[in-house]
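Chemist: Predicted model and sequence follow; I will ask about them next.
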Amino acid sequence: MRSLRDFTSGVGFFFQGLGWVARHGRWWLFGLIPALIAFAVYVAALILLGTHATDLAAFLTPFAESWGWRDLFRTLVGILLFLGGLALAVLTFTALTLAIGEPFYERLSAEVDPLAAADEQPWWRTLPRSLRDSLITLFYVLLFTIPLFFLGFVPVVGQTVVPVLGALVSGFFLTVELTTLALERRGMARKQRFALLRANKASALGFGVVVFLLFLVPFVAVIAMPAAVAGAALLVRTHLTPTP
């Protein structure tokens with residue numbers, strides 16, 4: 001029962017973040033800039049992938065050259081490649097946006113979550129560490145999502161259980177990414193952040209799953225990004241590491 005309550009409260013923190021940026025429109029517009037840049041990069045990459053998906057499928061399946069149903073098979077492989085690219089875009093959108101917008105979101109997070117004794121460092125010093133941590137997080141994401149991708153082809157299970165597990169896994173790691181700024185300002189290293197979120201798994205999942213579902217809708221991801229950063233700061237401040 002407590003887990004359900006914590007999950008629900010995690011969902012609520014996203015809407016608190018949404019309310020915060022709605023009341024502070026200047027900061028919402030400020031947070032849109034890196035999200036728009038990342039969105040443009042992903043749109044260009046997905047258009048390129050979609051245009052050349054069939055050629056890439058042919059390159060990856062030379063063994064199918066003599067098959068009578070070669071073209072149909074390669075079309076299906078091309079569709080899977082594009083869907084895989086789309087899923088990867090959803091999973092990495094937050095990491096890329098945070099990397100591009102590090103100085104933007106540091107200021108936004110600090111505005112939402114003021115600390116008297118914050119561990120403040122210039123963004124150009126924290127950027128290499130943030131990129132490294134994002135790559136490690138991506139490794140863990142792929143460790144879970146690649147098996148889930150193949151399980152998706154299993155009848156019944158692939159259409160029921162797998163999407164739910166995929167949303168939970170993706171949601172948790174989105175929370176990992178989004179809470180990084182607020183937790184780093186408290187001097188917490190990556191292992192400490194992971195341990196804290198595992199100890200508060202239900203609320204981390206509640207927050208991350210609602211963000212993940214919204215991020216599946218292309219342009220909504222851009223609009224919701226500042227609210228997600230603000231909500232993550234509030235989640236850290238009032239729930240994970242309560243601050244007066």
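Modeler: Right, received. Where do you want to start?
Chemist: Can you list the buried residues in the longest helix anywhere in the chain?
Modeler: Looking across the chain with DSSP state H, the single longest helix is helix 25-60. Neighbour counts over helix 25-60 (16 or more other C-beta atoms under 10 Å) mark 27-28, 30-32, 34-36, 38-39, 42, 46, 49, 53-54, 56-58 as buried. For every residue, glycine as well, the C-beta is placed using N, CA and C.
Chemist: now do stretch 95-109
Modeler: Using 16+ other C-beta under 10 Å as the burial criterion, the residues of stretch 95-109 that qualify are 95-102, 104-109.
Chemist: end to end, how far does it reach?
Modeler: Stretch 95-109 has an end-to-end distance of 16 Å (C-alpha to C-alpha, to the nearest Å).
Chemist: How far away from the center of its chain is the helix or strand bottoming out on mean pLDDT in the chain?
Modeler: Using mean pLDDT, DSSP states H and E, helix 123-151 stands out as the lowest-scoring helix or strand of the chain, at a mean of 74. Distance of helix 123-151 from the chain centroid (C-alpha atoms, centre = their mean, to the nearest Å) equals 10 Å.
Chemist: Quick check: next helix or strand after that helix?
Modeler: Per DSSP states H and E, the first helix or strand lying C-terminal to helix 123-151 is helix 157-178.
Chemist: contact partners of the helix or strand that that next one is followed by?
Modeler: As assigned by DSSP H and E, the chain's next helix or strand after helix 157-178 is helix 180-184. Identification of contacts with helix 180-184 by C-beta atoms under 8 Å, 6 or more residues apart in numbering yields 98, 105-106, 109, 113, 119, 126, 130, 133, 192-193, 196, 229, 232-233, 235-237, 240-241.
Chemist: where does this protein have low pLDDT?
Modeler: Applying pLDDT under 70 to the chain picks out residues 1, 117-130, 153, 244.
Chemist: burial measure for the nearest residue to residue 113 once chain neighbours are set aside, as a count.
Modeler: Leaving out its chain neighbours, the residue that sits closest to residue 113 by C-beta to C-beta, 6 or more residues apart in numbering is residue 233, at 4.0 Å. By other C-beta atoms under 10 Å, the residues close to residue 233 number 28.
Chemist: ok, residue 178 touching residue 229?
Modeler: Yes: between residue 178 and residue 229 there is a contact under C-beta atoms under 8 Å: 6.3 Å.
Chemist: about what we covered before: tell me what the longest helix of the chain is packed against?
Modeler: helix 2-23, helix 70-100, helix 102-112, helix 218-235 (3 or more C-beta pairs under 8 Å, 6 or more residues apart in numbering; DSSP states H and E).
Chemist: what angle do it and helix 102-112 make?
Modeler: Here helix 25-60 runs at an angle of 140 degrees relative to helix 102-112 (axes from the mean of the first three to the mean of the last three C-alpha atoms, to 10 degrees).
Chemist: Could you figure out how far helix 25-60 is turned away from helix 218-235?
Modeler: 120 degrees.
Chemist: report the angle between the axes of helix 25-60 and helix 2-23?
Modeler: Counting by the same axes, to 10 degrees, helix 25-60 lies at 120 degrees to helix 2-23.
Chemist: so how far is helix 25-60 off the chain centroid?
Modeler: Put simply, helix 25-60 sits 14 Å off its chain's centre (C-alpha atoms, centre = their mean).
Chemist: ok, back up a step: which residues does the residue nearest to residue 113 contact?
Modeler: Contacts of residue 233 (C-beta under 8 Å, 6+ apart): 17, 108, 109, 112, 113, 181, 182.
Chemist: From the residues you listed, keep the buried residues only.
Modeler: Listed as buried from the contacts of residue 233 are 17, 108, 109, 112, 113, 181, 182; burial here means 16+ other C-beta under 10 Å.
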